[in-house]
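Trainee: Below are the sequence and a predicted model for it; my questions follow.
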Amino acid sequence: MSLTLLNFHAVRNLQPVEMTPSSRINVISGANGSGKTSLLEGIHILGMGRSFRTRQLKHVIQMDQPYMTLYGRLSGEPEVTLGVRRLRAQRELELRLKGDKNARLAELVEAMPLQLINPDAFRLLEGSPAGRREFLDWGVFHVKHDFLAIWKHTRRALKHRNALLRRGRIHPQEIAVWEHELAVWGEQMDTLRRDWFSSFLPVFEETLKVLLPLPGLSLHYARGWDKEKSLAAVLHDSRPTDQQMGFTQQGPQRADLRIRINKQPAVEVLSRGQQKLVVSALKLAQGRFLERTAQRHCIYLIDDLPAELDEQNRQQFCGLLEDMQCQAFITSVEPSALKNAWRTGTSVAMFHVKHTKEGFSDLLSDS
Ligand SMILES: Nc1ncnc2c1ncn2[C@@H]1O[C@H](COP(=O)(O)OP(=O)(O)O)[C@@H](O)[C@H]1O
Ligand SMILES: [Mg+2]
């Protein structure tokens, strides 16, 4: 599965984009500010319904334009078309999948699994658990089909319990109902996450070994509550303190991935460059795992790769991509920056983003 056509209208500074990526590996070059990241941002919005640069999609709409549209076609039998439109004056996205106007975001996400590797990627280690939970759940969502339904039930039960905790007097029977719900669905979520994690771990270790051998590094899954107790018991026992705090302190909403070097948090020990390689290994492993278990291929959006890696790491990174079936969109200021990183015979499509006189940018195909 790969993108065979992209049509963008009014995305940041880009002139209307019509791109037909003919290869698996697509390199997009252009000067600073020409719109390379904007192109990746457009693909990200198409597959995820949100940007990686801003929380407010209205900023992505070209100045003075009332709306932006993004359209993509995925190869396969049959082909799949995806569309997203965002009006400046309307918060909601209009989504389309295979022509269906009532498509839901989860369906777009499922149709086009995306992984982003950009200069902010090291934040996955440094930042809050929410980012790592999202990484974990991305993996589970794409291979375990009942995950989304279980996640929704869990979230609903948690919302109800939290609302009751914030209320002055709680009727024990009323909260017990939601605690029971949360315990049932939360345990199921943990089972799916744990299963996924135990199969993902060896793929990650194998990938990391290629990029950066770090023998002391370990990756753990923490489920979000006491290891020794059931979720039902934890919720019951922590009810008084949860009530004081006004929220549920333990549960699947607190799950995390812990990355350590000899028992110390990896962020405290590794250099920035090493952190980026560990994150790259995590993200490449997601795609490799998806290929092996679900025979599905994700699309990599890789922003500014050469700037992040030295010559040797570039080759190892590119080698891992070449060994996969995935499609990749890779940006770089210099078109030649990755020339020596690919094996002989690998076909690489080159695109160039160029400023026009009006201050906009054109995407040109070099082939
Ligand atoms: N909503 C917008 N409308 C028009 N131009 C924009 C908008 N948002 C950003 N820009 C401009 O578009 C360009 C985007 O550049 P960017 O995609 O980051 O380039 P690159 O990754 O090639 O350095 C910048 O020059 C920026 O000023
Ligand atoms: Mg950029």
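Mentor: Perfect, thanks for sending it. Ligands and ions are numbered 1, 2, ... in the order given.

Trainee: I'd assumed Thr4 was in a strand, is it?
Mentor: Yes. According to DSSP: H, G, I helix; E, B strand; the rest coil, Thr4 belongs to a strand.

Trainee: got a pLDDT number for it?
Mentor: At Thr4, the predicted lDDT confidence score is 97.

Trainee: how deep is it tucked in, by neighbour count?
Mentor: Residues lying near Thr4 (other CB atoms under 10 Å) number 16. No exception for glycine: its C-beta is placed from N, CA and C like everyone else's.

Trainee: residues from the protein in reach of ligand 1?
Mentor: With CB under 6 Å from any ligand atom as the criterion, the chain meets ligand 1 at residues 12-13, 30, 32-38, 59, 61-63.

Trainee: Derive a ChimeraX selection command for the buried subset of the residues you listed.
Mentor: Written as a ChimeraX command, the selection of buried residues from the residues of the chain next to ligand 1, which uses 16 or more other CB atoms under 10 Å, is:
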select :12,13,30,34,35,36,37,38,61,62
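
Trainee: Max pairwise distance over the residues of the chain next to ligand 1: which two?
Mentor: Using CB to CB, these reach their maximum pairwise distance at Asn32 and Ile61, which is 21.8 Å.

Trainee: Could you pull up the contacting residues of the residue lying closest to Gln62 once chain neighbours are set aside?
Mentor: Leaving aside its sequence neighbours, Gln62 sits nearest to Ala10 (CB to CB, 6 or more residues apart in numbering; 4.0 Å). With contact taken as CB atoms under 8 Å, 6 or more residues apart in numbering, Ala10 is in contact with Pro16, Ile61, Gln62, Gln65, Tyr67, Met68, Thr69.

Trainee: Also Arg133?
Mentor: By CB under 8 Å, 6+ apart, the contact set of Arg133 is Ala255, Asp256, Leu257.

Trainee: By neighbour count, which of the contacts of Ala10 wins?
Mentor: Among those, Met68 has the most neighbours (other CB under 10 Å), with 23 neighbours.

Trainee: Pull the contacting residues for that residue.
Mentor: Met68 is in contact with Phe8, His9, Ala10, Val11, Val60, Ile61, Gln62, Arg85, Arg86, counting by CB under 8 Å, 6+ apart.

Trainee: Recalculate using a threshold of 7 Å.
Mentor: Going by CB atoms under 7 Å, 6 or more residues apart in numbering, Met68 touches His9, Ala10, Val11, Val60, Ile61, Gln62, Arg86.

Trainee: Let's have the residues you listed in TSV, adding secondary structure and pLDDT.
Mentor: Formatted as TSV, these follow (DSSP: H, G, I helix; E, B strand; the rest coil; pLDDT from 0 to 100):
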residue	secondary structure	pLDDT
His9	strand	98
Ala10	coil	98
Val11	strand	98
Val60	coil	98
Ile61	strand	98
Gln62	coil	97
Arg86	strand	98
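
Trainee: How about Lys354, nearest residue that isn't a chain neighbour?
Mentor: Asp362 (5.2 Å).

Trainee: Show me which positions of the host helix or strand of that neighbour end up buried.
Mentor: Taking DSSP states H and E as the definition, Asp362 sits inside strand 361-365. Buried positions in strand 361-365, judged by neighbour count with 16+ other CB under 10 Å: Ser361, Asp362, Leu363.

Trainee: Looking at the residues you listed, which is nearest His355?
Mentor: Proximity of the buried residues of strand 361-365 to His355 (CB to CB) peaks at Ser361, which lies at 5.5 Å.

Trainee: Could you find the closest non-adjacent residue to that closest one?
Mentor: Gly35 (4.1 Å).

Trainee: And for Gly216?
Mentor: Asn262 is the one closest to Gly216 (CB to CB, 6+ apart), at 4.1 Å.

Trainee: The one you found: neighbouring residues, count only.
Mentor: Neighbours of Asn262 (other CB under 10 Å): 11.

Trainee: same deal with Arg254?
Mentor: Other residues near Arg254 come to 14 when the count uses other CB under 10 Å.

Trainee: And Thr20, by the same measure?
Mentor: Neighbours of Thr20 under the rule other CB under 10 Å: 13.
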